[in-house]
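K.L.:
kindly generate the corresponding structure for this input.
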Amino acid sequence: MNILSMSGFIPEQICDTVRFTHYPGERNIAAFCGYASDFLSQAANDSGIDGAVFPKSCDSCRTMASYLEESGKFLFRLHVPARTDAAAVDFFAGEIRRYRQAVEDHYHVTLRDIRERTEAVNRRNAAIRERYDDLAAVDYFDYLSDIHENLRRPLYRQELKTALKTGRKDGKRVFLVGSFLANPTVAELIENAGLKIVGDDLPESGRLGSAPPTATEGDLYRNIAEAILRRKPSPTQNCFAGILDADLDEMRRKNVQGVIMVMQKYCEPYEYLYSVYRRRLEEENIPVLKLSLLHSEDSRKVALQAEAFADML
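P.N.:
Residues are numbered from 1 along each chain as shown. You can find the predicted model right below:
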């Protein structure tokens, strides 16, 4: 099986998936945010991909299946609750069970290593968390690129570098916010402009590293659901105040001088989050730069905008 997955809500403990990071092929679904559009294009057109799994968590994701229904490939939509209470955890655990059953039925396999995969996810997330805690000392482009490379590998073959390139010691300290940063070159251009990324709220970095270890005793499905739902929240979970409070606390601890929000065009949850961020950051006297990308490989205007932001800081 070679299932393309989108979003950190997809449980890696069930089976191997190929994490969508970017797509260089044809872009022809303009009504969606650029990230979702590119995911759909790869799922539909890449002959090496035989399935797609994604959350039903935002406007784009709720209607994505209609573009893939005629593909003949495995297709699964995971319903994600906006709440994180016990009832929500129970509901999401049921969705994870349903996902496992769908994979087994479609591929005629029996999945037997959920506990072992859970332990592997715990080790990987702990390694990301350890690196994130020392983010100011490393090259951010190298850090993020290594995470992306690993997320595209089968879980048991994921192995983060033992050492990362040393990062620049100077630069104005900034905090990165946004959806999955499909193109790490964006981060490289930001730091080349005289800025230093010392923290982030990205799904593949700060958010993934924030996930509590998943318990391997008891109901594994419930344990997995709880760990996913109780990591730093996504804007699709409608927890804007909670996201901002947690991020601001980290910004103050790290003496952040500015915030850069990177989002895909037409992404409603992040557009709303940006409006909330901007109001609160103005009260904190922290400038914010919004970078709106057209698709998963876009970086055309980043250098110019980042240089202007660095000058302003």
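
K.L.:
how about the helices in the stretch 151-300 of the chain?
P.N.:
Under the criterion DSSP state H, counting those that start in this stretch, the stretch 151-300 of the chain contains helices at 185-192, 206-209, 220-229, 240-253, 268-283.

K.L.:
could you dump the ones you listed into TSV with mean neighbour count, mean pLDDT and distance to Ala120 added?
P.N.:
In short, each C-beta sits where N, CA and C put it, glycine included. Listed next are those as TSV, based on neighbours: other Cβ atoms under 10 Å; pLDDT from 0 to 100; distance: least, Cβ to Cβ, whole Å:
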stretch	mean neighbour count	mean pLDDT	distance to Ala120
helix 185-192	22	94	26
helix 206-209	21	91	14
helix 220-229	22	96	13
helix 240-253	16	89	27
helix 268-283	16	86	30
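
K.L.:
same list (the ones you listed) but as TSV, adding distance to Ala126.
P.N.:
As requested, the helices of the stretch 151-300 of the chain are exported to TSV (distance: least, Cβ to Cβ, whole Å):
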stretch	distance to Ala126
helix 185-192	23
helix 206-209	8
helix 220-229	12
helix 240-253	19
helix 268-283	27
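
K.L.:
out of the ones you listed, which is closest to Ser71?
P.N.:
helix 268-283 (25.7 Å; Cβ to Cβ).

K.L.:
residues making contact with that closest one?
P.N.:
Contact with helix 268-283 is made by 58-59, 177-179, 234-236, 240-241, 243-244, 248, 259, 261, 263-264, 287-288, 290, as judged by Cβ atoms under 8 Å, 6 or more residues apart in numbering.

K.L.:
that one vs helix 240-253, what angle?
P.N.:
Helix 268-283 runs at 50 degrees relative to helix 240-253, counting by axes from the mean of the first three to the mean of the last three Cα atoms, to 10 degrees.

K.L.:
assign a three-state SS to the spatially closest residue to Tyr156 that is not a sequence neighbour, would you?
P.N.:
Distances taken as Cβ to Cβ, 6 or more residues apart in numbering put Ala120 closest to Tyr156, at 6.2 Å, once the chain neighbours are dropped. Classification of Ala120 by DSSP: H, G, I helix; E, B strand; the rest coil places it in helix.

K.L.:
begin at 53 from here
P.N.:
In the new numbering, first residue 53, that becomes Ala172.

K.L.:
contact partners for Ala172?
P.N.:
Leu207, Tyr208, Gln210.

K.L.:
any idea which of the helices of the stretch 203-352 of the chain gets closest to Asp165?
P.N.:
Among the helices of the stretch 203-352 of the chain, the nearest to Asp165 by Cβ to Cβ is helix 272-281 (11.0 Å).

K.L.:
for stretch 189-206, buried residues please.
P.N.:
Buried residues in stretch 189-206, counted by 16 or more other Cβ atoms under 10 Å: 190-200, 202-203.

K.L.:
can you tell me how far His160 sits from Met53?
P.N.:
As judged by Cβ to Cβ, to the nearest Å, His160 and Met53 stand 10 Å apart.

K.L.:
those two - which one has more neighbours?
P.N.:
Set side by side, His160 and Met53 show more neighbours around Met53, with 13 against 6, by other Cβ atoms under 10 Å.

K.L.:
flag every buried residue along the helix or strand of the chain with the lowest mean pLDDT.
P.N.:
Here the helix or strand of the chain ranked lowest by mean pLDDT, DSSP states H and E is helix 111-115, holding a mean of 72. Residues Asp111, Ser112, Cys113 are the ones in helix 111-115 that count as buried (16+ other Cβ under 10 Å).

K.L.:
repeat for stretch 331-350
P.N.:
332-333, 338-350.

K.L.:
now for the residue positioned nearest the centre of the chain: which residues touch it?
P.N.:
Compute the mean C-alpha point of the chain, and by Cα atoms, centre = their mean the closest residue is Pro255, 2.7 Å away. Going by Cβ under 8 Å, 6+ apart, Pro255 touches Ser59, Gly60, Ser231, Phe232, Ser286.

K.L.:
what about the first one, which helix or strand?
P.N.:
This points to Ser59. Per DSSP states H and E, Ser59 falls between elements, in no helix or strand.
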